[in-house]
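A.B. asks: fold the following.
(4 chains)
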There are 4 protein chains.
Amino acid sequence: MLSEKFNVRFYETDALAHVSNTVIAGWFESGREPIFRIFTPELDLKNWPLILASYKIDFLEQLFLGKPVEIRTYVARLGGSSFDTYQEVWQDGKKCASGTSTMVKFDYKTSKAVKLSDSERKLLNEHWIDTTN
Amino acid sequence: MLSEKFNVRFYETDALAHVSNTVIAGWFESGREPIFRIFTPELDLKNWPLILASYKIDFLEQLFLGKPVEIRTYVARLGGSSFDTYQEVWQDGKKCASGTSTMVKFDYKTSKAVKLSDSERKLLNEHWIDTTN
Amino acid sequence: MLSEKFNVRFYETDALAHVSNTVIAGWFESGREPIFRIFTPELDLKNWPLILASYKIDFLEQLFLGKPVEIRTYVARLGGSSFDTYQEVWQDGKKCASGTSTMVKFDYKTSKAVKLSDSERKLLNEHWIDTTN
Amino acid sequence: MLSEKFNVRFYETDALAHVSNTVIAGWFESGREPIFRIFTPELDLKNWPLILASYKIDFLEQLFLGKPVEIRTYVARLGGSSFDTYQEVWQDGKKCASGTSTMVKFDYKTSKAVKLSDSERKLLNEHWIDTTN
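C.D. replies: As a prediction, this is how the structure comes out:
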């Protein structure tokens, strides 16, 4: 499991006095940074190796300002050139949101998917979680 | 169908020189404003009647700065107290992203779901799309 | 004067039920797009010709969800390689915020300022406002 | 001095492959959270005691993805009911941006400024910096 902890920022709340649902996609992207570094340790923007195919987020509990949040990040599926991350947002002892994102190893110059290498698969596997049950 | 058109904002791009995937959840929220007004014509924040249960977004084509985008919004499912919107982002003649959001009619004071009224169902139905085929 | 009109987005509000002050810098950037196009009509990101040196924003009235806003953009100062834009946010007949941004014509490859050309100065001048009184 | 450290998030970059200038206002707001807590230790949103009057941000160096940033926050002016914070963004040993924000102690119910109490002045003074030279 990968873990990132930070405070809710005031501007991430909305007029319902809770965290805006639109913020969570960005938090999950932030939690995936160690996953990005498996493919590009220096975060080389000129040869970025991944593209996002989809994400789904389930909102379980409202999130609020004033208490730290933790983003937990796992790998939930490994395909030929794509994989899924499964992520959770925790606050105050509660799982408040969870989400699955599908990433594809991608060559932006040719706009084509690229096969995951053995070493990438091995490193992704270290963060494996079984979400099928 | 509900339609909203606007320009991509510079800050909505990211270092890959395309629109950040994290932006689309906010665009879809914006496209749902007429749906919100079915429940609260004056957007009454003190008695906000909806909560988001989940969203899923599929990214089909990259979106770029410099050409207008259109958000198309439909209603795709009607349950007892919840419903789904189906939405698309179009740019330059291409469907670039699509997404489904599940909303629940909700009483924030009691934290309970509330049944959709007949008039709400009727108004939601005006934006119906069949996404099952 | 350049003018852009749009709706406040729900996620642009914060827990005080008004528009977050952090949003206005982005709105002003959006309002400057026609200024950007004076320097790069096609918004060529690979040869972007401007860098922001500073901005100052004054908040005069709270901004709220539910009523459209207008961004008014003017040129307030023309230097050798830099210039200032002066901008206002209007909502419901009131000037709710105003701001001044200093932009520099800039070569990102050499990290150096570049002189404004005569034609750029002429086009910027078309949006002139005198803010000195 | 108050200090907050965090990573740049991918979505905070823009198409110029650096951090968007529109992000810094939010970072500074985040860095002021301990200042907010002087007025409302529990961050009580229903009785929020402050309103922002203005901010000015100077951009000194480009900020990039991949290296942590530090927000340094000071109090630079103390008036009757208002005060200024002075803040800096540091990355990789360089001061990349600085800014001054004017906050007013404010009663949202009456829309009126409120005098700073002695204890508030004392606590603000603990983060004093002299920016006049």
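A.B. asks: can you give me the strands for chain A?
C.D. replies: Along chain A, counting by DSSP state E, strands occupy A:2-6, A:50-59, A:69-78, A:82-91, A:94-107, A:112-113.
A.B. asks: just want the angle from the longest one to strand A:50-59.
C.D. replies: When you say that, I think you mean strand A:94-107. With axes from the mean of the first three to the mean of the last three Cα atoms, to 10 degrees defining the directions, strand A:94-107 sits at 160 degrees from strand A:50-59.
A.B. asks: for A:Leu52, the count of nearby residues, please.
C.D. replies: For A:Leu52, the tally of surrounding residues (other Cβ atoms under 10 Å in any protein chain shown) stands at 19. For glycine as for every other residue, the C-beta is placed from the backbone atoms N, C-alpha and C.
A.B. asks: quick one, what contacts it?
C.D. replies: Neighbour list for A:Leu52: A:Ser101, A:Thr102, A:Met103, A:Val104, B:Asn21, B:Phe59 [criterion: Cβ atoms under 8 Å, 6 or more residues apart in numbering or on different chains].
A.B. asks: out of the residues you listed, which are buried?
C.D. replies: A:Ser101, A:Thr102, A:Met103, A:Val104, B:Asn21, B:Phe59 (16 or more other Cβ atoms under 10 Å in any protein chain shown).
A.B. asks: so which of those reach chain D?
C.D. replies: Checked against chain D using Cβ under 8 Å from any Cβ of the partner chain, these give no members in range.
A.B. asks: of those residues, which pair is most distant in space?
C.D. replies: Of all pairs drawn from the buried ones among the contacts of A:Leu52, the greatest distance, 12.3 Å, lies between A:Val104 and B:Asn21 (Cβ to Cβ).
A.B. asks: list, one by one, the residues from chain A near chain C.
C.D. replies: Close to chain C, as judged by Cβ under 8 Å from any Cβ, chain A has residues A:Phe10, A:Tyr11, A:Thr13, A:Asp14, A:Ala15, A:Ala17, A:His18, A:Ser20, A:Thr22, A:Val23, A:Leu65.
A.B. asks: contacting residues around the residue nearest to the last one when sequence neighbours are not counted?
C.D. replies: Once its chain neighbours are removed from consideration, A:Leu65 has its nearest residue in A:Val8; the separation is 4.9 Å (Cβ to Cβ, 6 or more residues apart in numbering or on different chains). In this structure, A:Val8 makes contact with A:Val19, A:Leu63, A:Phe64, A:Leu65, A:Gly66, A:Lys67, A:Pro68, A:Val69, A:Gln91, judged by Cβ under 8 Å, 6+ apart.
A.B. asks: what's opposite the closest residue to the second one other than its chain neighbours in the beta bridge?
C.D. replies: So that's A:Leu63. Nearest residue to A:Leu63 in three dimensions, chain neighbours excluded: A:Val19, at 3.8 Å (Cβ to Cβ, 6+ apart). Beta-bridge pairing of A:Val19 under DSSP bridges involves A:Thr13.
A.B. asks: I figured A:Val19 hits A:Glu61, correct?
C.D. replies: No - taking contacts as Cβ atoms under 8 Å, A:Val19 lies outside contact range of A:Glu61: 10.5 Å.
A.B. asks: and these two? Which one has more around it.
C.D. replies: Remark: of A:Val19 and A:Glu61, A:Val19 carries more neighbours, 25 against 15, as counted by other Cβ under 10 Å.
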